[in-house]
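1. give the three-dimensional model of this entry:
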Amino acid sequence: SQDKVAIHEAMEQQTISVAKAGITTILNSRTSVLAAANPIFGRYNDLKDAAEQIDFQTTILSRFDCIFLVRDLRTDARDRKIAGHVMNLHMGVVNEEEAHEIDLLDLRKYIAYARTKSAPRLSEEAGLALQNHYIADRQNSSKAKESSGSNKAIPITVRQLEAIIRLSEGLAKMTLSPSVGKEHVEEAHRLFQVSTLDSASAGLVGSTKIPEELIPMVKNIELAIQRKVAIGAKISHIRLVDEMINRFKNARAVDFAVVNMIQRGEFVHKEGRKVLERKS
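-> Residues are numbered from 1 along each chain as shown. A predicted model of the protein is given here:
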């Protein structure tokens, strides 16, 4: 809880209070904040809402410009690529694809120059685009909340509008542009969509998004369930799940298969969600 209070002060007031060895002072905190945290249950569960797995106050979350959900996708190609990269680091091997196109010293000089010399301002066209995106995001957020009946962990407020403005200005500064154009706003909003908006809507959409690495197994489990349970028949939810886990040895894939079939209307819950009835 003390860490939450400390980061809240730094991000809200841009100050850090220090009380050490009888000395009490307040320091300015002019820096970017890059933070990482694990979900409440230790591993992100795609079948739960993001709100259920983030133990942070909305006042803190809303102060981050971009929030990404980083998932461990278990695919053979991805695992081989990561393992190969780690091995190359230990062996000192540098791939030609990873070679720097720009010298690191030149890149640092360019960044320093952009920071000190470039100060782009919003153009009228960019301001109108920002306004339209903000209104649309608020409306979509409200509709998603009403359809899901769940509170979002990451609210869409004026702070998110300011976040998109900062991203737009940063993109314009990268190109040493004197003003922020519509193209900068569109790219900033795209970054905001694939980060914060996707995180806010995770687990709240109408259908479950099955991880890519589990799709083949989930399909096989669904076929097995369809063969086992005839249309119109009933079966205990716990019994069905246990039998599929014993057969396929993957509880996560079984959960996805059952939930997916319920959302498609193939099964409905009966008797206080203890029994499943096959409808189609």
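
2. so which residues of the stretch 101-250 of the chain form helices?
-> Under the criterion DSSP state H, counting those that start in this stretch, the stretch 101-250 of the chain contains helices at 104-117, 124-148, 158-174, 182-192, 198-201, 215-228, 237-248.

3. which of these comes out lowest on mean pLDDT?
-> Least confidently modelled of those is helix 198-201, at a mean of 73 by mean pLDDT.

4. tell me which of the helices of the stretch 101-250 of the chain lies nearest to K279.
-> helix 215-228 (11.8 Å; CB to CB). Any C-beta I mention is one placed from the backbone N, CA and C, and that applies to glycine too.

5. my guess is T25 contacts V18. True?
-> Yes - if you go by CB atoms under 8 Å, T25 and V18 touch, sitting 5.4 Å apart.

6. TSV for the helices of the stretch 101-250 of the chain, including mean neighbour count?
-> Output for these, formatted as TSV (neighbours: other CB atoms under 10 Å):
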stretch	mean neighbour count
helix 104-117	11
helix 124-148	15
helix 158-174	19
helix 182-192	19
helix 198-201	20
helix 215-228	16
helix 237-248	15
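
7. between these, which one is nearest to P39?
-> Among the helices of the stretch 101-250 of the chain, helix 198-201 comes nearest to P39, with 11.5 Å by CB to CB.

8. tell me how far that closest one is from the chain's mean position?
-> Helix 198-201 has its average C-alpha position 6 Å from the chain's average C-alpha position, going by CA atoms, centre = their mean, to the nearest Å.

9. again, but for stretch 183-200
-> On CA atoms, centre = their mean, the centre of stretch 183-200 falls 11 Å from the chain's centre.

10. what is the end-to-end distance of it?
-> This stretch, stretch 183-200, spans 25 Å end to end (CA to CA, to the nearest Å).

11. now do the same contact list for the residue nearest to the spatial centre of the chain.
-> Central residue of the chain (CA atoms, centre = their mean): L69, 2.9 Å from the mean position. Residues in contact with L69, defined by CB atoms under 8 Å, 6 or more residues apart in numbering, are 44, 50, 198-199, 202.

12. which one of these is nearest to M217?
-> Closest approach to M217 among those (CB to CB): Y44, at 18.6 Å.

13. pLDDT score for the nearest residue to that closest one once chain neighbours are set aside?
-> Leaving aside its sequence neighbours, Y44 sits nearest to R71 (CB to CB, 6 or more residues apart in numbering; 5.7 Å). At R71, the model reports a pLDDT of 77.

14. cool, and the one 5 residues further on?
-> D76 is assigned 79 on the pLDDT scale.

15. what about it, neighbour count?
-> Using other CB atoms under 10 Å, D76 has 8 neighbouring residues.

16. gap between it and L171?
-> For D76, the distance to L171 equals 36 Å [CB to CB, to the nearest Å].

17. before we move on, what SS does the residue nearest to the centre of the chain have?
-> Counting by DSSP: H, G, I helix; E, B strand; the rest coil, the backbone at L69 sits in coil.

18. ok, G181 touching A126?
-> Yes - at 5.8 Å, G181 counts as touching A126 under the criterion of CB under 8 Å.

19. just to revisit the earlier point, ok, the residue nearest to the centre of the chain to G181 distance?
-> Distance from L69 to G181, by CB to CB: 30 Å.

20. and the contacts of the helix or strand where I26 lies?
-> Per DSSP states H and E, I26 falls inside strand 23-28. In this structure, residues lying in contact with strand 23-28 by CB under 8 Å, 6+ apart are 14-18.

21. now that strand: average pLDDT?
-> Strand 23-28 shows a mean pLDDT of 88.

22. tell me the helix or strand right after it.
-> helix 58-61.

23. that next one: which residues count as buried?
-> L61 (16 or more other CB atoms under 10 Å).

24. packing partners for that helix?
-> Helix 58-61 sits against helix 2-12, with contacts defined as 3 or more CB pairs under 8 Å, 6 or more residues apart in numbering; DSSP states H and E.

25. return the distance of the helix it packs on from the chain's centre.
-> 22 Å.

26. contacting residues for A35?
-> Taking CB under 8 Å, 6+ apart as the criterion, A35 is in contact with 7, 64.
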